[in-house]
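Undergrad: here is my input; please provide its structure:
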Amino acid sequence: MDTNTQTKKVLIVDDNPLNAKLTAWWCNKWGYSTDKASTGDSALKKACQNDYSLIIMDLFLPDMLGVEVSERLYSTGYKTKFVFHSAISKNEFIKRYNTNELFIAKPYKPEELLSIVNKALEKELSKITA
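TA: Numbering: from 1, shown residues only. I've put the predicted structure just below:
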């Protein structure tokens, strides 16, 4: 475990409890602390009350789209990076939502998740040091 990960807090937003639990388990195993939310509204509240290094966001939530959550937060000056995940393809995600946010298609392997989490956090660190 990298000592740099111990200070990283990840919000996992997924309305499927099993998906959220597995994602949290892997993130915890890699040394990240985690919180979970199952709706866009609860994700907005948690994001405003906590300092997250990353938000792993399901695209389709019961009350709103994950991209809507990110747009609302970004409109307030929120800087935390998002990784979206869904059963649609990356190309479909980009085409539908016209975004360059990081994305991983479900189902994914733990090493794929780790790779994209590391990529997201590297981008975050480069913003801080720039």
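Undergrad: show me the contacts for T99.
TA: By Cβ atoms under 8 Å, 6 or more residues apart in numbering, the contact list for T99 reads V67, F93. Every residue, glycine included, has its C-beta placed from N, CA and C.
Undergrad: how about stretch 88-95: buried residues?
TA: Under the neighbour-count criterion of 16 or more other Cβ atoms under 10 Å, stretch 88-95 has I88, F93 buried.
Undergrad: swap that for stretch 54-62, sorry
TA: In stretch 54-62, counting by 16+ other Cβ under 10 Å, buried: L54, I55, I56, M57, D58, L59, L61.
Undergrad: between the residues you listed, which is nearest F103?
TA: L59 (8.3 Å; Cβ to Cβ).
Undergrad: the closest one and F82: what is the separation?
TA: The gap separating L59 from F82 is 10 Å, by Cβ to Cβ, to the nearest Å.
Undergrad: any idea which element the residue positioned nearest the centre of the chain lies in?
TA: Nearest to the geometric centre of the chain sits I56, at 1.5 Å (Cα atoms, centre = their mean). Using DSSP states H and E, I56 falls within strand 54-58.
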